[in-house]
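> One predicted model, sequence on top.
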Amino acid sequence: MAETKVSTRYANSLLDLTLEKNSLDGISKDMELVYSAIRSSNELKNLLKNPVVKPEMKQSILSEIFKNKITDDSLNFINFIVDKNREDILSSIIEKFLELRDEKLGVIRVEVKTSFDFTDEQKEKLKKRLENILNKKAHLNFIIDKTIVGGFIAKVGDTVYDASIKHQLELLRKEFLQGSVQLN
């Protein structure tokens, strides 16, 4: 709970800074890069969480990793987080920043699991349908999941839209068991 409050506070500060400097796009791309690097590297995660490593050393390592890849403003923000001894929640801060950015822009992130890769036409059709349902611009992230027999499962925040064949068959089974479906 406390981590969420702290992450939100720092994320709001970063969002305010980007809006003030009119650099939302650039810093957003930087933060996505840093977030991706932290999520994909156990060594980087361990470095950020290690209380034995001095903050100056962490800043030096982070600077070496991200120099020439992110803007000075983004690097200064990361150094600021390290100065405040909050580097262990840097990933959480960035994640919250990206959520706040999406909220500000009216964008919703949707995770879509399918058993096969959708065609571009299918992806566009699903995107438009979800945008109509949600009344927001949708950014879809497709994941192949071979356990899904057919259809798809879309997750938006805490809401799940299950259009998989397995789910449809389960609903049909329940109707049969309740006796509400009659055969001709």
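Done, it's in.
> Tell me how many other residues surround the closest residue to Ser91 other than its chain neighbours.
Computed as CB to CB, 6 or more residues apart in numbering, the closest residue to Ser91 that is not its neighbour in sequence is Ile38, at 4.6 Å. For the C-beta atoms, the positions are set from N, CA and C on the backbone; glycine is no exception. As a burial measure, Ile38 scores 18 neighbours (other CB atoms under 10 Å).
> that's a strand at Val112, yeah?
Yes - Val112: assigned to a strand according to DSSP: H, G, I helix; E, B strand; the rest coil.
> wouldn't it be in contact with Ile144 here?
No - look at Val112 against Ile144 with CB atoms under 8 Å: they stay out of range, at 10.1 Å.
> ok, those two, which is more surrounded?
Between Val112 and Ile144, counting by other CB under 10 Å, Val112 is the more crowded of the two (22 against 11).
> what sits opposite that one in the beta ladder?
Under DSSP bridges, the beta-bridge partners of Val112 are Phe142, Ala154.
> Retrieve the pLDDT associated with it.
pLDDT recorded at Val112 is 92.
> Now do the contacts for the closest residue to Val156 other than its chain neighbours.
Spatial nearest neighbour of Val156, excluding adjacent residues (CB to CB, 6+ apart): Val110 at 5.1 Å. By CB atoms under 8 Å, 6 or more residues apart in numbering, Val110 lies in contact with 130, 138-141, 154-156.
> Just the CA atoms of the host helix or strand of Ile65, as CSV, please.
Following DSSP states H and E, one finds Ile65 within helix 55-66. The C-alpha trace of helix 55-66 is given here as CSV (Å, rounded to 0.1, in the frame of the first residue of the first chain):
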residue,chain,number,x,y,z
PRO,A,55,23.7,5.1,-4.6
GLU,A,56,26.6,6.7,-6.5
MET,A,57,27.5,3.4,-7.9
LYS,A,58,23.9,2.7,-8.9
GLN,A,59,23.7,6.1,-10.6
SER,A,60,26.9,5.4,-12.4
ILE,A,61,25.8,2.0,-13.6
LEU,A,62,22.4,3.3,-14.7
SER,A,63,24.0,6.2,-16.5
GLU,A,64,26.3,3.9,-18.3
ILE,A,65,23.4,1.6,-19.4
PHE,A,66,21.1,4.3,-20.5
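> From the chain's centroid, how far away is the biggest helix by length in the chain?
Scanning the chain for the helix with the most residues, using DSSP state H, yields helix 2-20. Chain-centre distance of helix 2-20: 16 Å, with CA atoms, centre = their mean, to the nearest Å.
> Only alpha carbons, please: show it as PDB.
In PDB, the C-alpha atoms belonging to helix 2-20 read as follows (Å, rounded to 0.1, in the frame of the first residue of the first chain):
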ATOM      1  CA  ALA A   2       2.700   2.500   1.000                       C
ATOM      2  CA  GLU A   3       4.700   1.600  -2.200                       C
ATOM      3  CA  THR A   4       1.700   2.400  -4.300                       C
ATOM      4  CA  LYS A   5       1.300   5.800  -2.700                       C
ATOM      5  CA  VAL A   6       4.900   6.600  -3.100                       C
ATOM      6  CA  SER A   7       5.000   5.400  -6.700                       C
ATOM      7  CA  THR A   8       1.900   7.500  -7.500                       C
ATOM      8  CA  ARG A   9       3.500  10.600  -6.000                       C
ATOM      9  CA  TYR A  10       6.700  10.300  -8.000                       C
ATOM     10  CA  ALA A  11       4.800   9.300 -11.100                       C
ATOM     11  CA  ASN A  12       2.600  12.300 -10.800                       C
ATOM     12  CA  SER A  13       5.700  14.500 -10.400                       C
ATOM     13  CA  LEU A  14       7.200  13.100 -13.600                       C
ATOM     14  CA  LEU A  15       3.900  13.500 -15.500                       C
ATOM     15  CA  ASP A  16       3.700  17.100 -14.400                       C
ATOM     16  CA  LEU A  17       7.300  17.700 -15.400                       C
ATOM     17  CA  THR A  18       6.700  16.200 -18.900                       C
ATOM     18  CA  LEU A  19       3.600  18.300 -19.400                       C
ATOM     19  CA  GLU A  20       5.300  21.400 -18.200                       C
END
